[in-house]
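> Take a look and give me a structure for this.
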Amino acid sequence: MYSGFSARQRVSNVSQVDSPNATWVNQEPHWELIEALLLGTFGIRGKSRRFLPQEPRETDLSYQNRLNRSVLAPYYIRLERMLAGMLTRKPVRLDDVPDVMREQLFDADLQGNDLQTWLFQTARVCIRYGHVGVLVDAPASGENGRPYFVTYSPRDIIGFRSEFKDGKQQLTQLRLSERIVVPDGEYGEKEVEQIRVLTPGAFEIHQRNKKGEFEIVDEGRTSLTEIPFSVAYSNRVGLLQSLPPLADIAELNLQHYQVQSDLSNQLHISAVPMLAIYGFPQSAEEISAGPGEALALPTEARSEYIEPSGNSYEAQFKQLDRIAEQINALGLASILGSKLSAETAEAKRIDRSQGDSTMMVVAQQMQDLIDNCLRFQAEYMQEPNAGSSLVNRDFMGIRLDPQEIQAMLQLYTAGTITQETLLLQLEAGEVLGDDFDVEAELEATQAGGLLEIQKPENSRPVPEQATMPEAAPEQSDELD
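Residues are numbered from 1 along each chain as shown. I've put the predicted structure just below:
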């Protein structure tokens, strides 16, 4: 089975603006398999002999036919989407973010993606490679426009320098690889490769010319004193260095593809029974058989079709099932803390707490990423307050049952908890809708004099002395 891991660290000779540094070079082998899996069967077939070796004495035609019959099961890509979807199962909550910045987040990247969609796509990159970077860019002074987010995968971050300043490690230089599409002729277009070089308060754009060399086509200053670049990690190794957290699942997905290819090829060959003729002279001419043909055999000769019993394939079918179970175990139990088999409620809680802690780290990293982006956005716009965000941490979506809801209502009517606590718990338990606003509801009830909700019929009765002072005068008037 192919493995992209290499124990020996490679050294990079950085001599040009587009030369990747050693960090990039040592990470790159880990990405090849995962990037091929993202393209599905088409991507795996494009790396044909690398991921599906040609057997000894197998002709090129036979190998090509086997390759065309091999189909990749999309285990990896579905798991990646599911994990990113867990973070965006509920909308990102923004606290104290200025309205002008909130409006811009409806198109956070100037590609038509709001903050929620942008987070899903960015989280997928983080889970896929082990980390992701986001540049908060803005148009030059005097140009119309506003700040926006640009996501970069580790493949695009080809070099950097850093130093300790003010008690933390800060980037002093960053090189980002980009590809842009520009008009070509009256109707055509072409792709141009460029390198963006960032330093605190300045930038340079290097583009490849017709000679294949890079030259500076734009440069200038920025209004910020630092590089507006933020990073989130899902499996950190060092600064801007990580390993794909789902690499083991990618390897198992490849193994499943290879075993399935072997099995499909064997079933294809053995699906057609072979005609065997006994007692036919070897010196006789070659014979053929088919639906419109008949055989003339000597008196003592006989013929029959032979086919394999199929028992030998059972082991391969079981192997496919075992690989699928391993993928489920790694993807669900190790990462999500969930199992597909029946288990006790206590065991489920323990498994979930262990798995949630892994996703909690990713959620916290993505939340910090958004907060940093908001800070850079506010600095560009000279807003005094950037606000903060809250990324969903309720990954499994467990709804409160009626008994738990009733218990909370009893706590509220007894005065043990406040109305705000009650509403927040009901919102977290998915009793209230996603669009429910707790703060707006509290303001509405207070404005309408409805702070106290109606008590359930089976709640604890109110003591008589609480109502007697108002009822007594009415009774005395009637007696008079």
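> Retrieve the pLDDT associated with residue 205.
Reported pLDDT at residue 205 in the predicted model: 95.
> for the record, mean pLDDT for stretch 124-142?
On average, stretch 124-142 scores 90.
> so where is the stretch 101-250 of the chain shaky, pLDDT-wise?
Along the stretch 101-250 of the chain, the model assigns pLDDT under 70 to residues 141-143.
> any chance you could map the strands in it?
131-137, 148-152, 157-165, 168-184, 188-199, 202-208, 214-221, 229-233, 236-238, 241-242 (DSSP state E, counting those that start in this stretch).
> As TSV, those strands with distance to residue 400 and mean neighbour count would be great.
All C-beta spots, glycine's among them, are computed from the backbone N, C-alpha and C. What follows is the strands of the stretch 101-250 of the chain, written out as TSV (distance: least, Cβ to Cβ, whole Å; neighbours: other Cβ atoms under 10 Å):
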stretch	distance to residue 400	mean neighbour count
strand 131-137	34	24
strand 148-152	35	21
strand 157-165	43	16
strand 168-184	42	14
strand 188-199	48	15
strand 202-208	51	16
strand 214-221	54	12
strand 229-233	31	22
strand 236-238	36	13
strand 241-242	37	20
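> Looking at the ones you listed, which is nearest to residue 377?
strand 131-137 (5.7 Å; Cβ to Cβ).
> Tell me which strands that closest one pairs with, and in which orientation.
strand 148-152 (antiparallel), strand 229-233 (antiparallel) (DSSP bridges).
> closest one to residue 421 among the ones you listed?
Using Cβ to Cβ, the strands paired with strand 131-137 put strand 229-233 closest to residue 421, at 31.5 Å.
> Contacts for the closest one next, please.
Residues from elsewhere that reach strand 229-233 (Cβ atoms under 8 Å, 6 or more residues apart in numbering): 122, 126, 130-136, 171, 174, 198, 240, 242, 362, 365-366, 368-369, 372-373, 376.
> Kindly recompute the last result at 6 Å.
126, 131-135, 174, 242, 365-366, 369, 372-373 (Cβ atoms under 6 Å, 6 or more residues apart in numbering).
> Of those residues, which pair is most distant in space?
Most distant of the contacts of strand 229-233, by Cβ to Cβ, are 174 and 366, 20.3 Å apart.
> For the residue most central in space within the chain, give me its contacts.
For the chain, the residue nearest the mean C-alpha position is residue 124 (2.8 Å; Cα atoms, centre = their mean). By Cβ under 6 Å, 6+ apart, the contact list for residue 124 reads 80, 84.
> try it again with 10 Å
38, 77, 80-81, 83-85, 87, 132, 151, 153 (Cβ atoms under 10 Å, 6 or more residues apart in numbering).
> can you check residue 163 too?
Residue 163 neighbours (Cβ under 10 Å, 6+ apart): 169-173.
> can you list the residues you listed in TSV and add distance to residue 221?
Formatted as TSV, the contacts of residue 163 follow (distance: Cβ to Cβ, whole Å):
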residue	distance to residue 221
169	24
170	18
171	17
172	16
173	15
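> Let me see the ranges of the helices in the stretch 1-150 of the chain.
22-27, 32-38, 40-46, 48-51, 60-69, 75-87, 99-104, 115-129 (DSSP state H, counting those that start in this stretch).
> The stretch 351-480 of the chain now?
Going by DSSP H, counting those that start in this stretch, the stretch 351-480 of the chain shows helices at 402-413, 419-428, 438-447, 468-479.
> Just tell me which of those ends up closest to residue 182.
helix 438-447 (47.4 Å).
> could you give me the average pLDDT of that closest one?
79.
> What residues sit buried inside that helix?
Buried positions in helix 438-447, judged by neighbour count with 16 or more other Cβ atoms under 10 Å: 438, 441.
> picking that back up, highest average neighbour count across the helices of the stretch 1-150 of the chain?
helix 115-129 (a mean of 22; mean count of other Cβ atoms under 10 Å).
> tell me the angle of that one relative to helix 75-87?
Angle of helix 115-129 versus helix 75-87, following axes from the mean of the first three to the mean of the last three Cα atoms, to 10 degrees, is 140 degrees.
> Now do helix 115-129 against strand 157-165, angle only.
100 degrees.
> what are the C-alpha coordinates of helix 115-129, in PDB please?
What follows is helix 115-129, C-alpha atoms only, in PDB (Å, rounded to 0.1, in the frame of the first residue of the first chain):
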ATOM      1  CA  LEU A 115     -19.600  33.600   7.200                       C
ATOM      2  CA  GLN A 116     -21.200  30.300   7.700                       C
ATOM      3  CA  THR A 117     -20.400  28.900   4.200                       C
ATOM      4  CA  TRP A 118     -16.900  30.400   4.400                       C
ATOM      5  CA  LEU A 119     -16.300  28.700   7.700                       C
ATOM      6  CA  PHE A 120     -17.400  25.300   6.300                       C
ATOM      7  CA  GLN A 121     -15.000  25.500   3.400                       C
ATOM      8  CA  THR A 122     -12.100  26.800   5.500                       C
ATOM      9  CA  ALA A 123     -12.700  24.100   8.200                       C
ATOM     10  CA  ARG A 124     -12.500  21.500   5.500                       C
ATOM     11  CA  VAL A 125      -9.000  22.800   4.500                       C
ATOM     12  CA  CYS A 126      -7.900  22.800   8.100                       C
ATOM     13  CA  ILE A 127      -9.100  19.200   8.700                       C
ATOM     14  CA  ARG A 128      -7.700  18.000   5.300                       C
ATOM     15  CA  TYR A 129      -4.100  19.300   5.700                       C
END
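> All set now, cheers.
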